[in-house]
Each structure stands twice: as structure tokens, then as C-alpha cells.
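Asks: Structure for the following, please:
(2 chains)
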2 protein chains.
Amino acid sequence: MRGEPSRPGEFELIARHFRPLAAKYPGALDLGDDAALIEVRPGWRLVATADALIAGVHFLASDPPSDIARKMLRVNLSDLAAMGAEPLAYLMTLALPSDTDEAWIAAFAEGLAADQAQFAIVLAGGDTVATVGPLALSLTALGQVEPGTELRRNAGRAGDVVLVSGTLGDAALGLRVCRGELAGLAPELRALLVQRYRIPEPRLALGRALVRGRLARAALDVSDGLLADLGHICETSGLGAVVEAGRLPLSPAAQAALAGTPQLIGDALGGGDDYELLFTARPSWRGRLRAVQSHVGDLPITRIGIVTRDSRLTVRTAEGDRDLPAGFEHFR
Amino acid sequence: MRGEPSRPGEFELIARHFRPLAAKYPGALDLGDDAALIEVRPGWRLVATADALIAGVHFLASDPPSDIARKMLRVNLSDLAAMGAEPLAYLMTLALPSDTDEAWIAAFAEGLAADQAQFAIVLAGGDTVATVGPLALSLTALGQVEPGTELRRNAGRAGDVVLVSGTLGDAALGLRVCRGELAGLAPELRALLVQRYRIPEPRLALGRALVRGRLARAALDVSDGLLADLGHICETSGLGAVVEAGRLPLSPAAQAALAGTPQLIGDALGGGDDYELLFTARPSWRGRLRAVQSHVGDLPITRIGIVTRDSRLTVRTAEGDRDLPAGFEHFR
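Replies: Sure thing, here's the model as predicted:
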């Protein structure tokens, strides 16, 4: 990890706060070499994913630095989870505005440390540079998976059931709270929604259980929104799907929000950033699901629809069916 | 590779210009999945490095997009070269200002395509996002090396000779030209220096030859400047070094610049961004060097000094020796 000081002493700040994050990983070479050495388990395959987050676009510069760090790490971990991979290590680049102080860097590193412990991943390398613009973060997460077992988007088949983990719409509703909406909701529910928006839960244990339990056919994580992401599965699999709106899993906070404003169901159908796993499974899925469920504790897994042979994506509601056009990005 | 549109049609632009860069790599999964699958040669070890470049800090937003792309790729390839690794694939994140047009993206992708062909590396994944600030690029390069043969910074020993590839100081002098200095130099020499600054040459063939020919003990690439980087080797190896200023390899363009202004030797000693390989070798190095040299064509490899037992870094000139303090970043 090379540091380029934007002010005297930054080399030392980086060393003080980031080197400990790499200390337990011999291949990180104490962040002192040109590159890191990564050990993939013999016979397994490396999985790699990268995402960028920019202040003022993906988060507010005033957000808690620990939350920013954890979101950056977790959105990448969620991509590993969606492929059924086990985390190995990550590389991160930070472009820091010149007014970034040591307290900010310390809190950012603390967020990473907490999540490293929780998700068994370590810092292996990266770069710190100065920027004349907003804080810009980029993270590459490396994981490993048994070859041939990785979960893909294009593996759905007509007749598969559509399953989703956790609850949907919380992150989109949390963003509304951040913007000052949903003022009528109880403060503790508002806080829960904001938490879901700020710090997603990568479903790594579920991803591994889906691989081991051979439950999922196609899979991905819900980052663009349920319908957009189900659209990705349908498009790459050459199929369609019917989603039953009444079956969407909603948190108590989301249920409370929808009780006042039923049209907020659009946040569960179209809102992004939930980072739940969305996957399809063959019709005889119930037995395998019980085995998978035993590895993921309380995390609910809900059947919300079915994969169809035609290429339409249909939302079934009490008022009837609604077909969605190709490219579902703008549904809400 | 996920694209987040900053304007309608950006998904299509990314697909049109970036997907072809990944087409030859099956593990990139056509940039359509959550992560890429990377095959490391059985028994080899993965090498990973990441760097960020920001417009207005590391390059000018008005620089040719093709040059920006190639510099971004090459500084990372240089890190692979410094470890003696073979390139495999890269992941890239781009934060694009809202006024980025398709011609810019097309030219950027063309620069990547040219270098992919030259250096046998392919795009495997990444992310494109919008930014409210300057263009921000981050790239993670993945390579592979036979375990135990990777080149490290900390492997120098007292009595090793210090060797460097290519010529030194060109990039720092090229930056001067960009800033309007060195106006007295012939235009073709000025252009050569600017080229060296804008588009470094990663010494991948040399890195591999150093590994195979067992020539190098400690190695790194000259990115911070000769003395700073030799300082990194000395510091991690717990040793010192003597550099003979009269032996520094200088290009004809640098020689012409120094003929007018001898103190510009400071650019060869302290200027960064040359991306040559700096390495130490055991005293009986001459035979091995001949074998290595046969794999790198015309690239000169020059002995410029020796590793010493004390922890001082000394520059030997016609006027005598000059000792440098610990931490050589500010020498120039």
C-alpha cells in the first residue's frame, strides 16, 4: 500500500491506522511491498469484484466515517455472497480531501476493523492519494469458490421458484428518512430503516449455504432494486418471471410505513441497496431450503414468485397483473 | 461490472466500449455478473496491487483520455513487474464527471485495448459511477508468480550491487516540460520527456527475467524517486547504500537538459514516476545479468551503486559524498 502524503505525516497516519488491518495476513507483506500475495485454497477459484463510492453521490461526506467504511466493504462482500464465494482479502484505494483529519481516518479504520472481524476478511493492499474533489473510495474484494459451484445470474429455468432473503424496501425507505420523509414514523423504526440504508448486511453465510446445499440456480444481490435485479436474471437466462406483490417480505418498519402510504410498496419492488440475495430454485426446493435455513439462523427466505418461459416480468397484485417493460431500472 | 447511469444511455456506453475489453476472458463473465472468476495457474500464487489516479492531482483532466487510461493500467503493471509477476487480469472503477461524453469514453477504452494487447492482460470487472468531483480512477491488477520466487523489497544484503533498468529522471523532466520549463530544449527531446512522464513502460519482461534468472535479491519499481525507493529497500532490508551519481543512466534528452542545467541531476536522483526496476544483486551477478539481458532486448541495465552494512544512504559525486537523512522523500 503506497501512501502519497497530501500533508506531512500522512505516511505515518496511514501506517498507524491501516497497517494493523493487514497485520494478520502474511500475504499483505505489512503493506510495505509493491503488491500483495494472495493464497487461494488449492483447487478453488479466485472471485474478484470492485465497487466505487463517492461522497455526495453514494453517501454524505458528513456520514459517520465508520459507516462509510463498512458500507464500502459490505457492498463488495455482498457481491462475493451473490456468487457463493468465501471472502479472502481486499484492496482499497482512498482519495482523501486535504481537510481529512486523523480522527476521521481513525474512525474509518475502526469501521473496517469491526467488519474484518465479523466477515473474516483482511486488508491486503491499496493506495492512499490526495484529491481536490470529494472523498472517493474504491474497493476490490477477493474471495474463493469451488470451481463450477459459483452462483451465476444466467442459470434460471422456467418453473423455478423465485426466493429472496431478508426483507425488501428498507434501504429505500431509510434513504427517504435521511431526506426528511416519513416523519410520522416512530423514531426507532426510522432509525432501523436508516441503519439498513447505511450499513447493509452481506449475506455471506447464505451464499455459502446455497452453494453447499445446491439450492440456488440463478442468484444475485439486490442492489439495483428487486425488479431491476430480477430483470437481470430473466434477461441473462432468456426468461420471464411473475412476482406476487403480496408475498414481498417486509420488515415491521416497512409495514408501518406502508400502512400509512400503501404506494410505498414501490420501494420494496423497485428500491435499491437492500443487498439481499435473490435467487431461483428448482420446484423441488423445499427440502433443500430447510437444510440451507439451518445455516443462516433467523434470516427469513421467502418465495415471492416464479420463473416463466416468456420474457415478460409481471407483478401480480390484488388489483390484477401489471407487465413491466424491458429494462426495469426506472420502476418505482 | 455494474454501471450506474449518470445520464440515460450510460449503461449502453459502458457495454459498447468496455465489454469488448473483457470479451476474450471467460472469467469476466461478459461483465454481467456480480464478480469475476480468475484462474491462477495451478501451484502459482496470486499477486494483487491497486492504485488510484485523480484528475488535477495525478494528471490533467484535459490530457488525452487514451494516455490517462494507459498510465492507470501501466502504473499497476509496474507493481506486478516489481514483484516478478506475470499479468492476469484487472478490475477498474471509474468515477466520471457528468460532462464526460462518449468520445472521451471511446478514446479511454481504446487506450486500454492497446495496452491489453501489448501486456497480455484483460479487463475482468469493475464499476462505473457518477461523481460530482474530478475524474477518479482506481485499478486493481492481478498477476501470478511461482511461490517463493516473488521479488521483495526487504531481501537486500550488504555487498549487493545496486542495478537499475532504463534511464532515470525522464518523467520528472517531462513534468517540467508540461509545466512550461526547459523551453530551450529541442522540441523532439521535449516530446520524448513528456511521453515518458505520461506513458510509463512497465518492465514486465525484466521482472519475469529477474525471477527466472535468479538475478535480483531485493527489487521494486521507481515510482517515488530513485533515492526514496532505494531508501525503501534499505529500510526494509535494514541496510544502507552508496549511489554513484556519475553512473546514473540518462537518456539523450535528459543529458541535453543536464548539459544546460547540471543541477537537474536532482531529477534523476529524486524525481518520481520513471517506473524503472531498481534491484540489488549478489556480487557475482555479471553472468546472470547477461542471461537476463538476453530476454529484455535493448533495455539497458546499469550498476549504479552498492548496498552497505550501515543504514546510511550516500550519494557519491565528483565533489565528494553526501549523506542523506532517513526518509528521502523530499530530496530534489
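Asks: all helices of chain A, in order?
Replies: Listed in chain order, the helices of chain A (DSSP state H) span A:10-22, A:65-82, A:102-119, A:170-178, A:187-198, A:204-212, A:226-237, A:252-260, A:265-270, A:286-293.
Asks: Deepest in the core, which of the ones you listed is it.
Replies: Among those, the stretch with the highest mean neighbour count (mean count of other CB atoms under 10 Å in any protein chain shown) is helix A:65-82, at a mean of 26. Heads up, the C-betas are built off the backbone N, CA and C, glycines and all.
Asks: and the residue of the stretch 51-200 of chain A nearest chain B?
Replies: Proximity to chain B, evaluated over the stretch 51-200 of chain A using CB to the nearest CB, is greatest for A:Gly133 at 2.3 Å.
Asks: A:Ala155: how many residues sit nearby?
Replies: When neighbours are counted by other CB atoms under 10 Å in any protein chain shown, A:Ala155 registers 17.
Asks: ok, it to B:Asp33 distance?
Replies: A:Ala155 sits 10 Å away from B:Asp33 when distances are taken as CB to CB, to the nearest Å.
Asks: Kindly report the residues of the stretch 201-332 of chain A close to chain B.
Replies: Residues of the stretch 201-332 of chain A lying close to chain B (CB under 8 Å from any CB of the partner chain) are A:Leu220, A:Asp221, A:Ser223, A:Asp224, A:His232, A:Thr236, A:Glu329.
Asks: wouldn't the third one be in contact with A:Ala81 here?
Replies: No - here A:Ser223 lies out of contact with A:Ala81, judged by CB atoms under 8 Å, at a distance of 11.4 Å.
Asks: Tell me which other helices or strands the lengthiest strand in chain A touches.
Replies: As assigned by DSSP state E, the longest strand anywhere in chain A is strand A:86-97. Secondary-structure packing of strand A:86-97 (3 or more CB pairs under 8 Å, 6 or more residues apart in numbering or on different chains; DSSP states H and E): strand A:36-38, helix A:65-82, strand A:122-131, strand A:136-145, helix A:204-212, strand B:45-54, strand B:136-145.
Asks: Now that we have those, can you turn them into TSV and tack on mean pLDDT and distance to B:Ala61?
Replies: As requested, these are exported to TSV (pLDDT from 0 to 100; distance: least, CB to CB, whole Å):
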stretch	mean pLDDT	distance to B:Ala61
strand A:36-38	96	31
helix A:65-82	98	25
strand A:122-131	94	13
strand A:136-145	98	14
helix A:204-212	97	39
strand B:45-54	97	10
strand B:136-145	98	11
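Asks: Put together TSV for the ones you listed, with distance to B:Asp274 on each row.
Replies: Below are the helices and strands packed on strand A:86-97 laid out as TSV (distance: least, CB to CB, whole Å):
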stretch	distance to B:Asp274
strand A:36-38	23
helix A:65-82	32
strand A:122-131	18
strand A:136-145	25
helix A:204-212	42
strand B:45-54	16
strand B:136-145	19
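Asks: what's the closest of those to B:Gly174?
Replies: strand B:45-54 (16.2 Å; CB to CB).
Asks: related to what we said a few turns ago, can you tell which of the helices and strands packed on strand A:86-97 is closest to A:Ala253?
Replies: With CB to CB as the criterion, A:Ala253 lies closest to helix A:65-82 of the helices and strands packed on strand A:86-97, at 18.2 Å.
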